[in-house]
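Student: Compute the structure for the input listed below.
(one chain, ligands or ions: 2)
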Amino acid sequence: MSNVKLPPHMGLEFGNHAIKLAYVEAQGQNFVLKSLVAREIGKIGMLQYVQKQQDRIAGIIKEMVAEAHVPTRYVAMAIPESSVFSQILTVPNVKEDELTEAVYWQLKPLLPRPIEEFTKDYILIEHDHETGKRKVLVIAAPLNLINSYREVLHKAGLTPVAVETEILANVRAIQFNYKVGGGIIMDFGSASTDIGIFINGKLVFSQSIATGSDLLTKAILRNYKVTYAQAEQYKRLYGLDRTKMQGKIYKVLVRIMEGLTAAILRSLEFSSHDLTQDIPQNLYLAGQGSLLPGLKEYLLETLHLESVQIVNPFLRLSVPSALAKYKTQLHPEFSISIGLSLKRD
Ligand SMILES: Nc1ncnc2c1ncn2[C@@H]1O[C@H](COP(=O)(O)OP(=O)(O)O)[C@@H](O)[C@H]1O
Ligand SMILES: [Mg+2]
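Tutor: Ligands and ions are numbered 1, 2, ... in the order given. Below is the predicted model of the structure:
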């Protein structure tokens, strides 16, 4: 989040389900995918693993870096959206050089802990030149969490050069691959669903909803006498396809999805009150949960959007033949790590 040009670095996403690593090299006008690897980390929860299992996670990352032959020690990493505080604030007419301080005082009472315990940043969304009022998206992340990640990286022999939120990395990956200025992002991960809105190339809203794709697996597990692995298989095979298994899996999953889409609609509604610009009607799906059969159609109908597409993070990358399958099959789970590896300043 500074203006310093970054050295070549890998992008690393600390997912709840899996850690993803990507390394992209700029060659003239081309961006070439050099390394890519994902590793499942088991069901222990993200906060627990960065704080209590540092050595184990550092060991896994070390192996990943070696396996992927990453030629750099530098890392851009993302903080999970679920640990990030973000809100649109309206700042009264202040001079340009007083803006940071004005944001500080407005943010302070909104945080659950002392403001000194957070790293803070803001994005200017609108400036009404008549009233002088500005709208900013303020983002704050707990410093102790970031320090835990830094420690894990140091233990893995790596050096962090940039930290940003997951949704910002997703925005970069989508803009790079789809050349769009605006859209809604939905990152359907294992433990949460993160929503972001970007307009004119800028993030204007983000929110994390505590419903992830693992809840779908657990719902199948609760309703049928199956193992976790079988429930996971049913989810991936049949998902929201009503024509499969006489609609039995659909019926179980749709109850969870109704809760999730209601929360998304509330987010969109809420943000439209805060913004003067229209909310884009094109949705980009990231995260591996996006591969749920029937999800695209379900969201299109339920959220009343113009288009829904699964992000292909490799669409505009040059991909060597050894990694070609990542481009031809959909791998939306690499959207964040690719976005991070494309970060330039
Ligand atoms: N083919 C699939 N269909 C539906 N869900 C899937 C599929 N593949 C993986 N998932 C789900 O995606 C989630 C993992 O997504 P991912 O983006 O890697 O999450 P995280 O970033 O939290 O680690 C898990 O809940 C997993 O069950
Ligand atoms: Mg994720």
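Student: Could you pull out the buried residues of the longest helix along the chain?
Tutor: Ranked by residue count, the top helix of the chain under DSSP state H comes out as helix 248-274. Neighbour-count burial for helix 248-274, counted by 16 or more other Cβ atoms under 10 Å, picks out 249-250, 252-254, 256-257, 260-261, 263-264, 267-268, 271, 274. From N, CA and C alone the C-beta is placed, and that goes for glycine too.
Student: Would you tell me what the next helix or strand after that helix is?
Tutor: Per DSSP states H and E, the first helix or strand lying C-terminal to helix 248-274 is strand 282-286.
Student: which residues touch that next one?
Tutor: Strand 282-286 is contacted by residues 170, 173-174, 178, 180, 182-188, 295-296, 299, 303, 305-311, 313, 332-333, 335-336 when judged by Cβ atoms under 8 Å, 6 or more residues apart in numbering.
Student: Contact partners for whichever residue of the stretch 151-300 of the chain sits closest to ligand 2?
Tutor: The minimum distance from the stretch 151-300 of the chain to ligand 2, using Cβ to the ion, falls at Gly189 (3.8 Å). Applying Cβ under 8 Å, 6+ apart, we find Gly189 in contact with Gly15, Asn16, His17, Gly212, Ser213, Gly287, Gln288, Gly289.
Student: tell me which element the nearest residue to the fourth one once chain neighbours are set aside falls in.
Tutor: Take Gly212 and drop its neighbours on the chain: the residue closest to it by Cβ to Cβ, 6 or more residues apart in numbering is Ala191, 4.1 Å away. Element membership of Ala191, judged by DSSP H and E, is empty: it is in no helix or strand.
Student: Where does this protein get nearest to ligand 1, residue-wise?
Tutor: Nearest to ligand 1 in the chain, going by Cβ to the nearest ligand atom, is Gly15, at a distance of 2.3 Å.
Student: Near that residue, how many other residues are there?
Tutor: Number of residues near Gly15 (other Cβ atoms under 10 Å) recorded here: 24.
Student: if I read this right, it contacts Phe188, doesn't it?
Tutor: No. With contact defined as Cβ atoms under 8 Å, Gly15 does not count as touching Phe188 (11.7 Å).
Student: Which single one of the buried residues of helix 248-274 is nearest to Arg344?
Tutor: Set against Arg344, the nearest of the buried residues of helix 248-274 by Cβ to Cβ is Ser271 (27.8 Å).
Student: Next, the contact list for Leu315, please.
Tutor: Asn177, Tyr178, Lys327.
Student: Turn those into CSV, columns for neighbour count.
Tutor: Converted to CSV, the contacts of Leu315 look like this (neighbours: other Cβ atoms under 10 Å):
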residue, neighbour count
Asn177, 20
Tyr178, 16
Lys327, 17
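Student: Check which helix or strand His129 maps to.
Tutor: Going by DSSP H and E, His129 is not in any helix or strand.
Student: neighbours of it, just the number please.
Tutor: Neighbours around His129, by other Cβ under 10 Å: 6.
Student: if I look at it, how far off is Asn93?
Tutor: 10 Å (Cβ to Cβ, to the nearest Å).
Student: what does Arg236 give?
Tutor: Counting by Cβ to Cβ - Arg236 and Asn93 are separated by 53 Å.
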